[in-house]
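Enquirer: coordinates only, sequence not included:
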Ligand code: 13P
């Protein structure tokens, strides 16, 4: 089963609209073959219209980093899936550990958002991952399985097959302490097995599962050489256009089948 790897940048709370436009100009020469790699930039909400516009003829998909699950309503400060869809946004990160930690997102709200994403033609990038205490206590797999099963609850097989899951161990995010490729492969193949249990093997074979946590142009190829790792969700190293382009090049060079 060939899965197309997906390299996604998560800009977090970085870049003004002008800085986002400057980035777009610098990556406008990208010639990524869509049969070899999907590339995505997940930017702050206010930069999304400019990025959609500037990159419309460039093979870079645009994603949000969060959204509400309702289509509209009295939810001050929130952005709805309808709004993102109408802009031409194609992806949305859901349940990033920073949202779970600082903004009280739960497995339940993650599940609502995943369903809302599918209802509005947005591809959800669902983040899961353990913290250091859980890792050291040997609870990684139990915890991650629980997060994954909660996120996919109630999805149809057709929807589940289109999921993108990002395994991001919290201790590896922004720390420079990346997981070894082998450890990431071990957890990611376990996640695939959990998806097979919740749906079936055919669905599990189609779900794309990224690794995230201190991924850089220098180490991304090691992750890509693992059979179950289908790309990366990259924070810091996605901010500079040169670095983002190098990440994509490393993936195209490192995984062609
Ligand atoms: P870093 O690549 O900066 O470690 O961030 C990872 C991340 O949280 C991506 O969502």
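Expert: Received, thanks. Since we're looking at a predicted model, the values are computed, not measured.
Enquirer: what sits against residue 58?
Expert: Residues in contact with residue 58 (Cβ atoms under 8 Å, 6 or more residues apart in numbering) are 24, 27, 28, 30. Placement of C-beta: from N, CA and C, glycine included.
Enquirer: up against the ligand, what does this structure have?
Expert: 10, 96, 168, 173-174, 212-215, 233-237 (Cβ under 6 Å from any ligand atom).
Enquirer: now for those, which pair is the farthest apart?
Expert: 96 and 237 (16.3 Å; Cβ to Cβ).
Enquirer: lowest average confidence, helix or strand, in the protein?
Expert: helix 241-254 (a mean of 91; mean pLDDT, DSSP states H and E).
Enquirer: could you tell me which residues within that one count as buried?
Expert: 241, 244, 245, 246, 247, 248, 249, 250, 251, 252 (16 or more other Cβ atoms under 10 Å).
Enquirer: quick one on the thing from earlier: filter the residues of the chain next to the ligand to the buried ones?
Expert: Among the residues of the chain next to the ligand, those classed as buried by 16+ other Cβ under 10 Å are 10, 96, 168, 173, 212-215, 233-237.
Enquirer: and which of those is nearest to residue 191?
Expert: Residue 191 has its nearest neighbour among those in residue 168, at 11.7 Å by Cβ to Cβ.
Enquirer: the nearest residue to the closest one once chain neighbours are set aside and residue 219, how far apart?
Expert: Closest residue to residue 168 apart from its sequence neighbours, by Cβ to Cβ, 6 or more residues apart in numbering: residue 212 at 3.7 Å. Using Cβ to Cβ, to the nearest Å, residue 212 is found at 12 Å from residue 219.
Enquirer: likewise residue 60?
Expert: Taking Cβ to Cβ, one finds residue 60 at 22 Å from residue 219.
Enquirer: these two: which is more packed in?
Expert: Neighbours were counted for residue 60 and for residue 219 using other Cβ atoms under 10 Å; residue 60 has more, 24 against 17.
Enquirer: that one and residue 241, how far apart?
Expert: Residue 60 sits 11 Å away from residue 241, taking Cβ to Cβ as the criterion.
Enquirer: what touches both of those two?
Expert: Counting by Cβ under 8 Å, 6+ apart, the residues touching both residue 60 and residue 241 are residue 27.
Enquirer: beta partners for whichever residue of the stretch 1-150 of the chain sits closest to the ligand?
Expert: At 3.7 Å from the ligand, residue 10 is the closest residue in the stretch 1-150 of the chain, using Cβ to the nearest ligand atom. Beta bridges link residue 10 to residue 42, judged by DSSP bridges.
Enquirer: correct me, but it touches residue 64?
Expert: No: contact criterion Cβ atoms under 8 Å: residue 10 and residue 64 do not qualify, at 10.5 Å.
Enquirer: mutual contacts of these two, please.
Expert: Residues touching both residue 10 and residue 64 (Cβ under 8 Å, 6+ apart): 42, 93.
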